[in-house]
Structures are given as C-alpha cells and as structure tokens.
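A.B. asks: for reference, the sequence and a predicted model appear below.
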Amino acid sequence: MAELVLSEIFKAYGATPILEGFSATIRSGQFVSLLGPSGCGKTTVLRIVAGLEAVTGGRVEIDGEDVTRLPPERRDIAMMFQSYALLPHLSAAENVRFPLRMRSIAGREEQRQRVREALDTVRLGPLADRKPSQLSGGQQQRVALARAVVSKPKVLLLDEPLSNLDARLREDMQVELVEIHKTLGLTTLFVTHDQEEALSLSDRVILLNQGKIEQEGAPKAIYSAPQTRFASSFLGAANLLPGTIETAGLVRLEDGQSIALPSTVNARGPVTLMIRQEDVEVIPEGTEGLVAQVRARIYLGARSRHIVSLAGTEVRALGAGDRDFPAGSRVSLRISPDRIQILAATSVEN
Amino acid sequence: MAELVLSEIFKAYGATPILEGFSATIRSGQFVSLLGPSGCGKTTVLRIVAGLEAVTGGRVEIDGEDVTRLPPERRDIAMMFQSYALLPHLSAAENVRFPLRMRSIAGREEQRQRVREALDTVRLGPLADRKPSQLSGGQQQRVALARAVVSKPKVLLLDEPLSNLDARLREDMQVELVEIHKTLGLTTLFVTHDQEEALSLSDRVILLNQGKIEQEGAPKAIYSAPQTRFASSFLGAANLLPGTIETAGLVRLEDGQSIALPSTVNARGPVTLMIRQEDVEVIPEGTEGLVAQVRARIYLGARSRHIVSLAGTEVRALGAGDRDFPAGSRVSLRISPDRIQILAATSVEN
Amino acid sequence: QSITINSFGGAYEEAHRACIIDPFTEATGADVQIVTAYSADAFAQLRAQKEAPQFDVIHFSGGQEIVGAQEGLLAPIDPASLENADDLYDFAKENLAAGEGPAYSIASIGLLYNTETAPQAPTAWKDLVGGVYGDRLVLTDIANGYGMLGFLMINQVSGGSIDNIQPGLDAVAGLLDDGALIVNTSPEIQQEFAQNDAVIAAYASDYAYTLRKAGLPVKFVQGVEGTPASFITVNLVAGRVNEELALKFIDISISKEAQECFANALRYTPTNATVELSEEVAADVAYGPEAVAGLIRFDPITIEANRSAWVDAWNRTIAR
Amino acid sequence: MVSAVPAAWRVAGWIFVIAIGIFLLGPLVVVIGVSLSESQFIAFPPQGLSLKWYQAVLTDERYLSSAWISLRLALLVTCAATLIGGAAAIAIHRRSLPGSQALATLFLSPLILPTIIFAIGMLMFWSAVFGPLTFLTLAIGHLMICIPYVVRTTTAVLADADPFLEEAARTMGASRLQRLWHVVVPQCLPGLAVSAFFCFNISFDEAVLSLFLRHPGLTTLPVRIYGQLEFSPDPSVAAVSSIMIGITVILLVVIDRILGIHRISAT
Amino acid sequence: MTDRRENLILILPGLLLLCVAFFLPILRMLALSVEGEDGRTLAHFQRFLGDAFYLGVLWRTVRLSLIITFVCAVVGFPMAYIMARSSARVRLWLIVMVILPLMTSVVVRTFGWMVVLSRNGIIPELARDMGLAGRSFTLMQTESAIVIGMVQVLLPFMVLTILSVLSRIDGRLEEAARTMGCTFIQTVRAVVLPLALPGITAGAILVFTLSASSFITPSLLGGSRIQVLAASIYRSVTQTLDWPFAAAQSVILFSGILLVLIPYIRQQSRHRG
Ligand SMILES: Nc1ncnc2c1ncn2[C@@H]1O[C@H](COP(=O)(O)OP(=O)(O)OP(=O)(O)O)[C@@H](O)[C@H]1O
Ligand SMILES: Nc1ncnc2c1ncn2[C@@H]1O[C@H](COP(=O)(O)OP(=O)(O)OP(=O)(O)O)[C@@H](O)[C@H]1O
Ligand SMILES: [Mg+2]
Ligand SMILES: [Mg+2]
C-alpha cells in the first residue's frame, strides 16, 4: 500500500531536456500505465521513481515521504528494466531469488518456494537453472518479470514487460499481472506500447508526449474523449477530417459531401472532425452514407482495415475480418453522428 | 532476388533439441513471417539462415547454392538481432554505416547519403550522433532496424524489429518495411509476436511450435482454417467447445443447449468446435441464441472482450468497444453456423 | 681491430680506462669494447656462451678463473708472450699454464670502521668476534667473493681451518645473535654506514677508499692476524680470433705504469714488484715484497671445491 | 547515477586512497630527496640541496646512450608484444581451439620461471645456434616475458564481452580482419592499453635478461645503474629514477591532453 | 577459412615464438637438472626435496607470494573500483599514482624502503619513540619488509587489470541490483565483485607468479637470511655456479607455482563458460 506522488519533475540529459514539469499522483494500489511515443521519457520517469536518475528539479514522494534524495535500495520498489538487466553470472532461479536475498526476505526454504512459484507463473519452471545467455529473448524477459514481482514491493515499475511475448502468452501474463496486482494491491506503474494492453489492464492511463503529460484519465475516457490532436491520433490512430460547419448539425467536407453531427453541436466555421477507425463502417456503394474509394485493404485476421479516400483525405476504417472490398472499388461509409468528435479549428493547430 | 530453401534442419543445444527437421522454402521476394510461442526456436532459425549457428543436420540454400557451410559474411544477408547488438563504441550513424563500410558498398558520400536516408525512415535523423547508450530502448531498436535495411541485402532477417515501438510508430514502420520490401524485392524472413502484424504484412506465415512447423500458408488461410488445435488456439486464441453431434447439423453441448452447424457437416459423435472470439456475438438475453453468463468484460478501446461461461466452458467474445454487458449479467450468444469449425474428437487429442 | 673485455663499472671502469685501456689503445691502435659486468655475471655469461664467447679478455675477482680454466673456457698463457711477466710476484703467475690468467692487482680484505663512531678502533680480526660492536657490525654474505674471504678469516681466528669452517659458522651465529647484520652487496655496506650507523665491517681496502671518497669517515686496517687477499685476474678467453691483441692487453694490465696508476686511483695492491707508490697510497695497500708476502691466500682450489657446500652450510647457519 | 554512493563510503574511499598514496609514494619521496642531496653517498635526509646529480646524469653520455637503447627496446617490445599477445588472447578467448585454457597457462610460463634461468638458457641457446648476441636477441627475450601480461589482461577484459556484437558484424559482411579491427579490438582496448603500459615498463625496467643478453654496444639503463651502484654508489642513480618518475608523469599527462588516456581508461 | 583456422593464425605467431624463443632455450637449461657427472640423475631433486632447509625456502616462497597476492587483491579491488567510478581526470591521476613505483629502479626503490624501515628509519624510530621496540628494532631483513616492498611494485598489476575489466561492466546491472534492495556495498559484493572476477583472477595470477619468481626485491629487503627460491636459484647460477641444481630448483618452483595456479585458472574458465 503506497501512494506515489511526482510533482513538477524536471530532467535533462546535458542540454537536452527530457521531462519538463512532469507531475502525477498514483494512488495506493492503483495500476497506472504510461503511454507515449518512443523516446518521450517513459523509462526516464520510471528511473526517477526508482531513484536511479537524479532529477534536475521537483520531488518524488512515496506515502507522503519525500524520497527524492533517497537511494534506490531504501525505497521499497521493484523495477523491471526494458533491457532486462539480468545478472549474467546467475542462473534464472538465482536471478529471481536475488531481490529476496538482498532484502533478506523470508528464510532460505521460503525463498526457494517463492522463486519456484514466480518462475512457474511466468512458465519457466523447467528452465530455472539456465544462465540468461542460454535463454531466448522472451524467456529472458519473463525471468526479469518474475524477478520484479517476486519481492512483492510497495511500488512496482514495469518497463515494457511483455514486449517480447507472443499474443497468447502475453494474455496469460496480463491475467497474472492483474492477479498479482489485485491480491497484493501493489501500486503499479506500467510502461507499454500495446494500447489494448494499457487500456485493458490499467485503472488510469497517463499519456506522455515530449516530456509533458498530454492527457490522463480512465482508459475509456482517454480513448473515447481525447482532448488533443496528439491524443486522438496517438491512441487508435483516429481519422481527422477537415470541414466546415455551415448549417447546424451538418459538416460540409471539402468535396461537398456532408456529414451529420450530433444535435448537441452548435458551433460554426471550419473544424476538424475526429472519427475513430472502428466507427467508420464500410458498406457496399449505395444511396446511404458518404461515397469513397478503397485505396487498400489490410487483412488483420480478426478484423480488417480498409484505407479509403474520402474528400481527398485518407480515412481508415477498421471492420470485421470478413468485410472485403478490393482496392479501387467504390464504397459507401456509414458514420453514426454520435461517434464524431469535433476539434475546433483552432485546436487543430495545437 | 534470392530464393531461400531450408531443408530438414536439425539443431540442438547440447542435449536439448531445438529444431527437429525444419523445412521451408521462401521464394524470391517473398515476405514470410515466423510465428510461434516464446522459446520455440524462431531466433534459432534466423541464426541458422544467417550462418551463425552450425546445424546438426540439414542444408540451407540461397539461390540454389548450398550455403550451409558458408560463413555469414559471405552470405548476402542482413539480420536484425532481438537484442539489437549495436556496437557500443559507434554512434547511431556509424552503426548504420557499418554494413556499407564492411561490404564497401558505394563511395563515402553516397554511404553518408544512404545512412541519412535510413535514419530518416526510422525517424532518427536528429539523433544520428548519439551513442547507443544515450538512446531510448525504442530508438536503439530503430537504429538496429535501419542498420539491417541500409545495405539492401538479398535476404533480410528481422527478429522482432518493432516490439519496442508504440502503435503509431509501428504502423509507420510497417508501411516503410512493406515499401522497402516491395521496391527492393528483398526476400524477407520476419519474426514477430504481433499476430496482426504478421497477418497484415506477410505473403506467407509459418507457424512454429516446439521446433516443428505446425502449419504454414497464406495469412488468411492459416487464420481462418487452422488445422491443429495448437494453430487454432495460438492464432487469435479461438474458443474450443466440446460437444456431440447427434442429429445432422446440430451439436449438443454438455448443458443440453445445441448449436446449428453448417449443413455440409455430416459427421457423428463427440467433437470439438472451434469458434473464433470475434465470431461470437454477445447480445441481450432473449429468445435467440445460446444462453450464457458474463464472467468479465475487458475494455480494449476499439473493441471489448467478454468472457462468458457457456455450458461450463469459458468462451471469449470479441466485439465492438461499445458493447458492454456487466459481469454477472445473463446474455445470449449468437454464432453463425458457417463460422464454426469442427475438430474431430480424435484430433482433439493432438 | 678491437677486443672485448669486461670491467667492473663505476669508478673501477674509469680507472680501468685511464690506466690500461687508453694506453693499450695508444699502443696498438685497436679499440676496446667494454661490457660492464661483475665477475659472477661475467663468468655466467662466459660459460653460457661457450660456443661463441664474446669476450677476448675477462677479469675475475672471485676466483672464477679456476673453474673457468678447468672447464676450458680460458686459454693457457705462455709467460714468454708477456714482456712484464717477469716483474710479477710469483704467486701472481702460478697457473698461467693451466689457463688462469695473471693477477694484476689484489684487493686486500681487512677491517673497515667508522673513525668517529666506533667505540674502539679495531686492530685485529679477533676484535670482530669480541662482541664489542653488537648490532653495529656488518658482515658480508659469503656468496660475495670478499665476504667469503672475510668469513674464512673469521673462521681462522675462531680456531677453524680451511678444512673445517664450523668454528667460523659458530662465531657468525654468535655475532648474529648480537644483532649483526648480513648484507649481500657493497652498496648495502655503504648504506649501512651512511644510514644506519654501522661502525665496522670486514671488506676490501679499495672499498674503504670508495667510502672515504664518498665522504664517510671510514678507515681501513689490516688485522694483525693477516690480510686475506682476493686476486683480480686478467684472463685470456679460449676460442677467440685475435689472441695476440688480447695478450698485449693482458701484458699492459700487469705493467708497472698500469699498476701504479691503479693503486693510486683505487688503492689496489699491485702485483708488479717494480711498482713504486707514494706514502699516502702505500698506507692503504700492502706494499712491498714483505707486506705482500704477508698476504694470506686461502687455497682457491679448495674454496672452489667447497664453495657450494659452504654456501649451503652458511645459509643454514644464518637462516632465520 | 550508479555512483549513488553513500557519503560515508565516499569519505572512507578517499581516506583509503590517500593512505595507499602515502604507502606507494613515500619511498619515492625519499628517492627524490636523495637525488637532490649534496653529499657523495646515498643518504636521507639529503645533506644540502643541489641538482648536480641531475647534471651529472644528463651530461653522462653513457647514461644517455643506455637510456636511448632502453627506450628503443621498450618501444619495439611493447608494439610487438601487444600485437602478438593481443592476437593470441583473442584466439584463446574465442575458445574454438582445443584446450584453450591449457594454452592460456602455456602463455603464462615465461612469468613463472625465474628470469635468470630463461636468461642463461637463452644465452646458451642463442650463442649455440646463432652465435653472437644482437639487439634482436634481447628484444626477443623481453618479448617473451612481456607477452604473458598482454595475454592475461586481454583475456580478462574480453571475458564479459557481448558475443552478439561479432555475430552482428558478420551478418553485416565484416570480413575476419574487419571484424577484429572494428569489433573485437575496440572491446579489448582497455586491456590492450593497460598491457601495453605493462610491457613498456617491464622492458624498460628489466635487468636480469639485459644483464646476460648484452654485448658491449648494448647496455640498458637498469644494467648501467647496477654497474654504477656496485662500484661507486652515489645519488646519481636516485637522480635517474627521479627523472624517470618525472618523465612518466609528464608523458601520461601530455598523452592524456593529446589523445586522452582517460578516454581509453574509460572505455 | 574456418573460425578455427582464423584463431590458429591469430595464436600461431605467439605460439611459435613461445616454443622457439622460450621453450627450446628453457628446456635446454632445465635439461641440466637431471644431468650429473655420470649421466642422468635425480640427485639434484633429491638434494632439494630431501632437505628441510630448501623445503623451508620453497614453503616461504609460496607463503609469501600468497600473502602478497592476497594483500594486493584486498587493496587492489577497492582501489580499482574507486578508479572506475571516479571522473576521468581523477582516474588518470590515480593511475599515475599507482604506476609510479614501477618507474624507479628496484635498487633505488629499495633504498627508499630502507630509509623507511631500517633501524634509523621512520617507522622503527616511531616505534621506538612510542616505546614499542628496542634500539635494534628494524623492519629491514624481515618477511614483512618483503611483503611491503613487493606489494608496492605489484599493486599496479592487480589494480590496472581489475580496472580494465571493471570499466566494461554494464552499469545497468548495478542499477538493477540497487532497485532490488542492494545497499551500495551489497551491490559491490553481489554484482561487481563476481563480474570483476576474471580481472581479479588474472591480476592475482600475475602478482602471484611475479612475486614467486622475482628475487631482487626479496633479497634486498629480506636480506640473505630470509631466502626465497628465486634468490637461491640466482645464487646457484652466479655464485656457486651449480647450474644443474639451479635448474632443478627452477623445475620445482615451476611445478609449485603451477600447482597453486591451476584452480585459479579453472575458476576463470568456469566464469567464462
Ligand atoms: N545457448 C543455449 N543453450 C541452451 N539452450 C538454448 C540456448 N540458446 C537458446 N536456447 C533454447 O533454445 C530455444 C529456442 O531459442 P530461440 O531464441 O530460438 O527461441 P525464440 O523462438 O527466439 O523465442 P523468443 O520468441 O522468446 O525469442 C529456447 O527454448 C532456448 O531456451
Ligand atoms: N544518456 C542519455 N544521454 C542523452 N539523452 C538520453 C540519454 N538517455 C536517454 N536519452 C534521451 O532521453 C529521451 C527519453 O528516453 P527514455 O528512455 O525515457 O524514452 P522512452 O520513453 O523509454 O522511449 P522508449 O519507449 O523507446 O523506451 C530519449 O529521447 C533519449 O534519446
Ligand atoms: Mg524506454
Ligand atoms: Mg527470439
């Protein structure tokens, strides 16, 4: 049980600023994931929480205690490194046992016990005695994961813990993680690139961009109501359509076609419409809907993505896997008004 | 332009066998992805193609020439390592330039040019002069990717090239990869954990399990018509329902409810039904469909997953993000017969 | 035209140049290649290079010439081929025929003591073992040529003989118990005198002079029981081409002028009967037939025969 | 911030370093003191100050020629040893040769046997087979006692090298030589730098081999110093040492200013 | 060209040189050890091994070498670690500090020690003033003197070897350890130390062999009353001119050292395996 508070964190490597006034509060037992483009500073945030990086400014608190100057080992945290950082001279089991030994948690026998359990949860029981160099990428990653969770710390920091695991294993691991998090009520800060992972696992999502928080909130909120252009385009790569509102509830696109808006809207002038891929339904050309042309179709198994050109802009539509309109064919797009979000023309710029 | 033929490859680390008679033919210019659970031997395959591992048995051919004994540098290949293997003492740019220098491709100036281009395609132009240690995980991965493609080799081997990139960047990179592959017509062998990635990018998918090929074929074929229990459960984690065919076209589940089958089926006796998550539609409880109870609902943003219990087995349903039935509520499941696959009871065992 | 010789380095080498080498070069026009090597090292080199020796003339101060002669590393010399041979005392040219070169100067071993700090000025070897000097007495290891002679002398005055060194060993053991120090090399003697107020040591006259030149108040006295002598010989190496040049060099080494010059420079006792020395110099060396006759020479053959065994015994005695 | 070292430990560390410093440099202070002494003999504290011994040394053409010989020798040996030893070390590290561990030990043997035995053996062997001694003889002698250092340090440095790097280089078409030069050498650079220094120092300070493997034209500095000490020990030897100390410091600093040893020592 | 051939080519120059320029001569020398007046004999070995005195010398040699190695390791590792962690500039000066002793001719250096250790030396004087010792108290010509003097010269071999290994350790490992609750010192013990092991081993091997086979410093600081094997060998070669015995002693020294080394070398190979 630990509340984690980061306030006004500044961090720069030499001249290049990485974090510029990053603030976040993670309530005890919360599972928060950190999303953001590559190189935006996610790992840096974790390292600062862990106490591995000295901050240029700001303070870190755990349970109300200022730990900004506290060395890592004095903070009750566990961190899984993006590069695993397994100790090459120790076997998988010894690596997992390491934090227990160092924190002298439990007696020899129980340590063994817990190590065995941890390794089993990551499905590596049989390989316990291998040296890291004898493990595959994914196996190494799982050892690192086991090592991070085994000591049941107050705060758990995970840096892309599942990036090298296949879909099925990843799902299992996600379940395990949730389990652990639930049962132990760890405060967890989770960095991932897999949006669905982030959205499905976490209580809250923090969207980081260029060292600043773009948006944060509950998964659903952040996904369905992105506040900035970045947020919208980063999460689920939504379509952005330029247009003009002339008569209430109707947007005229550049090619003259028009889309109905939710009745609530009564703005005027140039706007940008934000429409999620999955909210664009591709149907056979007909009277209904907007006319568009299929540029390409990408098979994704469970679903398929059509890239169509609508009013000169490229629009992506994500639909059931069986929907199949060949490239070049003309189709209609059905978009239900209440799924359309409006970014005022001004906000387009930011 | 190069055809890659692996025939009857055997490989073991000490006593533990990794590959047991792995055979595959990759036609010139094909884009083939290698799917499989963690630790199944994907990297090993790449390493063997690259000539980094001596095989215990079998032969590797490139363009009909037996290269089994040929050292890596004499094969015109490029490989991207799962762990990047960037040269720590060289800057990003120097790392990318390395293969050009080694193969003495093009003159100084053109080399610079190509390096610049390569770094730009992976969006790292500005960081060209950083040492790997000064780059974030994803940035390092992109440097490795750039380094792999810059020399335009006959055969391109990529080991999870995008695992550390965020969704949007990953999509861009996928596009770039396809571009490169198209324009240069490289023969590409691609290891990934992201099924949609595999299905969307590749001409052919090879499904590897425990050192053997489970199934291979076109993405669509392999996804929609898995031949083994493993294949079906590994790709898109399909639902497996035990039941008995009593009257033609009808399967009785254990709790007595029955599902309609495609008319074509005329088998009898106990069977296992294979139904994909996205083919199970969750609808409000009513007359139609099978009665089930929601165990959990997982929000995935664009879609949402319901885990329901049907006839005592756990069934996963993948639907639009807005579908929301709270845990515990009773619902109906609609499953269209032609989406049901039948694994004969016998084949259940394997 | 050139020959290769060994010399002992430092001041010795300078004197060597001045008194012998330069005259030789003048006389013959041949130049001389010097290898700075102490007897032991030089001999080791000579022996190892048996097949292709690089020395024409080699100097020894520790009796190595005897072994060398036995092993045929050195060539016999016909006295007739040396003009100055006749002027030499006899003992200096006994074994020319065997291959042992003539002694061209003698280091006489006596007592060095610090005239300022010594509780009493020694007159006899007995004084050494008297226990007067306690831990300010410096002995020299018998691995060192001079050390060997000094020890044999102590042995003698303690009632031993060349056939029985036990008394000597016992005496040494006693001295060590009093805290006496054993050193291996001459520089250490100097350091003991300069640094650690050692007051007395049994060593060579020439070194007393070196110390005095270095500014230490050190005096050299010959013990009344006699003065053991260490012959410095100049030997002809076997199996070299230009023998007559080498002989010429040896001849000059034993010449009157050379020896006077040497005695003046380094206080070595000449072996050439015709040498004339000044008072001051004469005081530091054994000068004149009777004085020279007074020199004790322990039978080198016996020494060589027993060296190994003695060193062994010595080591055991002194070992901590 | 790996160096998140508790203050207490920092302090302890510095005290430790200072203590070691005193221990290492104390005697050298004495040496320098002696070299400044007026008096004829080696004594401390120096009696009166003067630079005459430096003058004596720097004007004594025999010291200078010996120094020149030693320098040439040391440089030659350093280069050769680092090359040959480094290559051997890499080969041993790769472990593809049978009994590479035995080989490693084999390369150590010149260290294990007292130099004098080697010296005599070399002398006998050489004069028996090749006849008169040459500069080369001594160089080879020194080479043999230097190579072990190179092999040891370099293999040690390579011990935890990332195996993938070389493989990556291969897949990028690096020929064997290129691989060595661009991947392996950078990896063992610290080792090579250190062992190069060792070699230079060993060769420059080595006395026993030089004592036996010399001929009139070939007297190295250490041998010259012994010759001096044996017969007329005076502070000039201390002056020589002091000069060498000075040169070392200056050299290191200069080299550092120019191409930055600290970067090498930091790799 | 196969990898094996490449490595062969790499190692060949060294190997050839070693065989031609080292083993041939050395064997020629060591052959003497079994030569007596009348043909082959083991007399020299018997003389050594059958004699408590010489066995004592051998034992002292090994014992002292082990002590020296131990001290060097204990002092050298922290030293190296401090160097590795301090700024480049500081590191440079520390390196200078450590290697300077090597730069003085051994005899001169020994004189330095004499000034510090011998009767009128600084340390004994101190001891005397504090009434800890009598007038004749001296550290010269004691085993302590040998250890002190040898450590001073051999330390750089240990420190620099370890340093070169430390400088290549991935800092993230230490960080990881810290996040797993290692205190600074635990990190050093549980992570740095094991990873530095190859360096420590290599350094130890160098130091041990060097101290076992060096004779000048021991015989100057230890005096002839405390003999070590190498000095005794030197003596047999140059003074008593008993080369066969010298050879025999060398063979014994060689095998002695090898015996001590083998486990070390094993350890290193295991670490790398
Ligand atoms: N040096 C080795 N010694 C023993 N076993 C090894 C060694 N290297 C790999 N293995 C085993 O070989 C198997 C295949 O390894 P490989 O790296 O090919 O798996 P992978 O398919 O790439 O897995 P991942 O997707 O996790 O990278 C793994 O089970 C691994 O444990
Ligand atoms: N040692 C360093 N020196 C200079 N810049 C650095 C250093 N380490 C990281 N950076 C920069 O800091 C930024 C943030 O790095 P960080 O590792 O936090 O990114 P990230 O969000 O983890 O990215 P990824 O998702 O790719 O891991 C990156 O742009 C990187 O280039
Ligand atoms: Mg990161
Ligand atoms: Mg892999």
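C.D. replies: Arrived safely, thanks for sending. Ligands and ions are numbered 1, 2, ... in the order given.
A.B. asks: wasn't C:Pro228 part of a helix?
C.D. replies: No - using DSSP: H, G, I helix; E, B strand; the rest coil, the assignment for C:Pro228 is strand, not a helix.
A.B. asks: check contacts around A:Glu20.
C.D. replies: Counting by C-beta atoms under 8 Å, 6 or more residues apart in numbering or on different chains, A:Glu20 touches A:Phe10, A:Gly211, A:Lys212. Every residue, glycine included, has its C-beta placed from N, CA and C.
A.B. asks: how about the helix or strand harbouring it, does it reach ligand 3?
C.D. replies: Secondary structure assignment for A:Glu20, by DSSP states H and E: strand A:16-26. No - Strand A:16-26 stays clear of ligand 3 (C-beta under 5 Å from the ion), getting no nearer than 11.3 Å.
A.B. asks: what lines up beside that strand in the sheet?
C.D. replies: Strand pairing for strand A:16-26, using DSSP bridges, gives strand A:4-13 (antiparallel).
A.B. asks: list the buried ones in the partner strand?
C.D. replies: Along strand A:4-13, these residues count as buried under the neighbour rule (16 or more other C-beta atoms under 10 Å in any protein chain shown): A:Leu4, A:Val5, A:Leu6, A:Ser7, A:Ile9, A:Lys11.
A.B. asks: and the pLDDT at the residue nearest to A:Ile26 when sequence neighbours are not counted?
C.D. replies: Leaving aside its chain neighbours, A:Ile26 sits nearest to A:Leu4 (4.2 Å; criterion: C-beta to C-beta, 6 or more residues apart in numbering or on different chains). On pLDDT, A:Leu4 comes in at 90.
A.B. asks: and the gap between A:Leu4 and ligand 4?
C.D. replies: Computed as C-beta to the ion, to the nearest Å, the A:Leu4 to ligand 4 distance reads 34 Å.
A.B. asks: and for A:Glu288?
C.D. replies: 49 Å.
A.B. asks: so that residue touches A:Val331, yeah?
C.D. replies: No - using C-beta atoms under 8 Å, A:Glu288 is not in contact with A:Val331; the gap is 11.3 Å.
A.B. asks: comparing these two, which shows the higher neighbour count?
C.D. replies: The neighbour comparison of A:Glu288 against A:Val331 (other C-beta atoms under 10 Å in any protein chain shown) goes to A:Val331, with 23 against 10.
A.B. asks: which element, helix or strand, includes that one?
C.D. replies: Applying DSSP H and E as the criterion places A:Val331 in strand A:330-335.
A.B. asks: which other helices and strands does the next helix or strand along the chain from that strand contact?
C.D. replies: Remark: after strand A:330-335, the chain's next helix or strand is strand A:341-344, criterion DSSP H and E. The elements that strand A:341-344 packs onto, with contact taken as 3 or more C-beta pairs under 8 Å, 6 or more residues apart in numbering or on different chains; DSSP states H and E, are helix A:229-234, strand A:269-275.
A.B. asks: out of these, which comes closest to ligand 4?
C.D. replies: Of all those, it is helix A:229-234 that lies closest to ligand 4, at 28.3 Å by C-beta to the ion.
A.B. asks: check whether the closest one contacts chain B.
C.D. replies: Yes - judged by C-beta under 8 Å from any C-beta of the partner chain, helix A:229-234 and chain B are in contact via A:Ser233, A:Phe234.
A.B. asks: could you list the buried residues of stretch C:312-320?
C.D. replies: C:Asp312, C:Ala313, C:Trp314, C:Asn315, C:Thr317, C:Ile318.
A.B. asks: show me the contacts for the residue of the stretch 151-300 of chain C found nearest chain A.
C.D. replies: Of all residues in the stretch 151-300 of chain C, C:Asn184 sits closest to chain A, at 47.7 Å by C-beta to the nearest C-beta. Counting by C-beta under 8 Å, 6+ apart, C:Asn184 touches C:Thr140, C:Asp141, C:Ala143, C:Asn144, E:Ser219, E:Leu220, E:Gly223, E:Ser224.
A.B. asks: now A:Ile206: which helix or strand?
C.D. replies: Element membership for A:Ile206 (DSSP H and E) is strand A:204-209.
A.B. asks: show me what contacts residue 82?
C.D. replies: Because you didn't say which chain, this covers chain A. Contacts for A:Gln82 (C-beta under 8 Å, 6+ apart) come out as A:Thr43, A:Asp159, A:Glu160, A:Val191, B:Gly137, B:Asn164.
A.B. asks: that's the wrong chain, I wanted chain D
C.D. replies: Contacts for D:Thr82 (C-beta under 8 Å, 6+ apart) come out as D:Val150, D:Leu192, D:Ser195, D:Ala196, D:Cys199.
A.B. asks: quick check: A:Gly137 touching B:Ala85?
C.D. replies: No - at 12.0 Å, A:Gly137 and B:Ala85 do not qualify as touching, with contact defined as C-beta under 8 Å.
A.B. asks: let me know the pLDDT of A:Ser347.
C.D. replies: Looking at A:Ser347, its pLDDT reads 40.
A.B. asks: since that was my last question, I'll sign off now.
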